[in-house]
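> Quick one: sequence plus predicted model below, questions after.
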Amino acid sequence: MGIFDKGVKKTNLNFFQKLGRSITGKSKVDDDVLDALEEALLSSDMGVDTTLELIDNVQDRVEKDKYVDMEELVALIRDEIAKLITSDYSPVQPFDFSKKPYVMLIVGVNGVGKTTTIGKIAAMLAAQGKKVVIGAADTFRAAAVEQLCIWAERAGADVVKQGQGADPAAVAFDAVSSAVAKGADVVLIDTAGRLHNRVDLMNELTKIRNVVRRVVPDAPHEVLLVVDGSTGQNAFVQAQEFSKATDVTSLAVTKLDGSAKGGVVVGIAHRFKFPIKFIGIGEGVEDLKVFDLKEFVESLFNPQDII
């Protein structure tokens, strides 16, 4: 069983149910199959632009290489999706431990699982023997700070916090300063998830960047955007808005296990060119997975026992 099978099971099942009806009794990939493929990809929320480009690429390959059966078509789809996302199947390296502390700024709207993702990343790092400091800079939500404290206690990480309504940049500054003083390996900085005023968001994130650079000149080393994969096309909107407000460098997609919209991972990666770092496939601490393109695509398009 692949590590992503749980997270994309509904997408996989829905995809092949839609495609299966069109290929029954067929000995080659024809226009009907391609039309069904397009419908199945769109229903997975891969997005129109990504789907149309993928269909064009598949059609060109079918005509050139004369693919004729389902097994060959699935292999072709996997190959073309990989090309859309990246140039190779190299595994993602989620952290650069040559930088100490490695400072990660985590952004995303409220409700996407941002705080939980931070806690799971802290647990992942702790399991590797790394010392982690968490900056509770989402000072507008008391619940976010409380939740971070619970996760930090589980992971054995330190939390730097102030009172509700405190200056988020001040919390970030204190967190990075504490990490340097304690010789921590990684700093995870939570941020407020507001999108109602992009100018305020941009100003706040810029201020956080500026103050942490007083302590670590090249920080933050990463801006990780967390989006909720179950929201489908709304996740595209979130990615677009945050990419306007700050320099997003990587992506975490959560809540895929309850959705048939796993194609959104491919669509966002293709459209925005963000490297995908993490995939959330459940509530457990072990259900945040480091992204592996090869395994993800194989799980997303796995016809075994379906058709």
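Great, that's in hand. Numbers count the residues shown, from 1 in each chain.
> and stretch 273-283, how far apart are its ends?
Length of stretch 273-283, first residue to last, C-alpha to C-alpha, to the nearest Å: 27 Å.
> buried stuff in that stretch?
Across stretch 273-283, burial judged by 16 or more other C-beta atoms under 10 Å covers 274-282. C-beta: built from backbone N, CA, C; applies to glycine.
> Break down the stretch 151-300 of the chain into its strands, ranges please.
Remark: strands assigned in the stretch 151-300 of the chain by DSSP state E, counting those that start in this stretch are 158-160, 186-190, 222-228, 250-254, 276-280, 288-290.
> follow-up on the earlier one: in TSV: the buried residues of stretch 273-283, plus distance to Glu39 and pLDDT.
Output for the buried residues of stretch 273-283, formatted as TSV (distance: C-beta to C-beta, whole Å; pLDDT from 0 to 100):
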residue	distance to Glu39	pLDDT
Phe274	27	80
Pro275	29	84
Ile276	25	87
Lys277	30	90
Phe278	30	93
Ile279	25	88
Gly280	27	88
Ile281	25	83
Gly282	28	80
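> Serialize these to a markdown table and add fields for distance to Val253.
Formatted as a markdown table, those follow (distance: C-beta to C-beta, whole Å):
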| residue | distance to Val253 |
| --- | --- |
| Phe274 | 10 |
| Pro275 | 12 |
| Ile276 | 7 |
| Lys277 | 9 |
| Phe278 | 8 |
| Ile279 | 6 |
| Gly280 | 7 |
| Ile281 | 10 |
| Gly282 | 13 |
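> that older thread, among the strands of the stretch 151-300 of the chain, which is nearest Ile77?
Nearest of these to Ile77, taken as C-beta to C-beta: strand 276-280 at 18.2 Å.
> between the closest one and strand 250-254, how big is the angle?
Interaxial angle, strand 276-280 versus strand 250-254 (axes from the mean of the first three to the mean of the last three C-alpha atoms, to 10 degrees): 10 degrees.
> Could you list the alpha-carbon positions for strand 276-280 in PDB?
Extracted in PDB, the C-alpha atoms of strand 276-280 (Å, rounded to 0.1, in the frame of the first residue of the first chain):
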ATOM      1  CA  ILE A 276       4.900  20.700  -2.700                       C
ATOM      2  CA  LYS A 277       6.500  19.800   0.600                       C
ATOM      3  CA  PHE A 278       3.700  18.100   2.600                       C
ATOM      4  CA  ILE A 279       0.400  16.200   2.100                       C
ATOM      5  CA  GLY A 280      -2.100  15.800   4.900                       C
END
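> quick revisit: out of the buried residues of stretch 273-283, which comes closest to Asp65?
Ile276 (28.3 Å).
> Ignoring the adjacent residues along the chain, who's closest to that closest one?
Distances taken as C-beta to C-beta, 6 or more residues apart in numbering put Phe291 closest to Ile276, at 4.4 Å, once the chain neighbours are dropped.
> Please look at the one you found and Gly280 and confirm they touch.
No. Assessed by C-beta atoms under 8 Å, Phe291 is found out of contact with Gly280, at 10.6 Å.
> anything in contact with each of those two?
Common neighbours of Phe291 and Gly280, using C-beta atoms under 8 Å, 6 or more residues apart in numbering, do not exist here.
> one step back: most tightly surrounded among the strands of the stretch 151-300 of the chain?
For those, the largest average neighbour count (mean count of other C-beta atoms under 10 Å) is found in strand 186-190, namely a mean of 29.
> what angle do it and strand 222-228 make?
50 degrees.
> Name the strands paired with strand 186-190 and say parallel or antiparallel.
Using DSSP bridges, the strands paired with strand 186-190 are strand 102-107 (parallel), strand 132-136 (parallel).
> Give me the mean pLDDT for the last one.
I take that to be strand 132-136. Per-residue pLDDT values across strand 132-136 average out to 96.
> Can you list the buried residues in that strand?
132-136.
> Pick out whichever of those sits closest to Leu76.
Val132 (42.2 Å).
> For that closest one, list the residues it contacts.
Shown in contact with Val132 (C-beta under 8 Å, 6+ apart): 122, 125-126, 152, 155-158, 184-188.
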